[in-house]
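# Turn this into a model:
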Amino acid sequence: MNQSRLFLIGALALAAAALAFVASGGIGENLVYFWEPTQLREAGDDAVGPQIRLGGVVKEGTLVFDEEAQTIELVVKDENAEVPVRATGAPPAMLREKIGVVVEGRMGSDGVFVSDRLMVKHSNEYKAPEEDMSPEERQTLYETMDQL
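A predicted model of the protein is given here:
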């Protein structure tokens, strides 16, 4: 065999060994699943424990921020299910009811999703409000942008 063929075989063997090492090194433990409330509820006890990104809409009338404790409580919902969420830290500036959110954390055995990261989903399209708009018209404009 010539030298270039031996080098190619050695390189392939090294690449295969590296791939086997990564595959057996617990890469599955670092995965973060994205679920909606319906999927989370359907998973039952299998949802308790692993790191999950839960996406949905903040249910109207459920958003509570405790400034002293720096906690946020809310309910994330989709068409078929609801999940109570407890998050820590300051709320994002755009957080409000009826807006899309993604919370990252773990489902507790008590049925409450405990989040250490809360993100607001919004449109990247900005429309400046007109100077003579009332506060209600501005709110409608912002809600319309969020639904884009």
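
# need the strands for the protein, in chain order.
If DSSP state E is used as the criterion, the strands of the chain fall at 33-35, 51-58, 64-66, 71-77, 82-88, 100-107, 113-120.

# So what's the residue count around the spatially closest residue to Glu79 that is not a sequence neighbour?
Nearest residue to Glu79, sequence neighbours excluded (CB to CB, 6 or more residues apart in numbering): Thr38, at 7.3 Å. (C-beta placed from N, C-alpha, C; glycine too.) Using other CB atoms under 10 Å, Thr38 has 16 other residues around it.

# Please name the residues that touch Thr38.
When contacts are counted by CB atoms under 8 Å, 6 or more residues apart in numbering, Thr38 touches Asp78, Glu79, Asn80, Ala81.

# Mind putting these into TSV with pLDDT and distance to Val120?
As requested, the contacts of Thr38 are exported to TSV (pLDDT from 0 to 100; distance: CB to CB, whole Å):
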residue	pLDDT	distance to Val120
Asp78	91	16
Glu79	92	20
Asn80	93	22
Ala81	93	20
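
# Drop anything exposed from the residues you listed.
Applying 16 or more other CB atoms under 10 Å to the contacts of Thr38, the neighbour count classes Asp78 as buried.

# Could you dump the contacts of Thr38 into a markdown table and include distance to Leu19?
Compiled in a markdown table, these are given as follows (distance: CB to CB, whole Å):
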| residue | distance to Leu19 |
| --- | --- |
| Asp78 | 38 |
| Glu79 | 41 |
| Asn80 | 40 |
| Ala81 | 39 |
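
# which two in the contacts of Thr38 are spaced the farthest apart?
Glu79 and Ala81 (8.1 Å; CB to CB).
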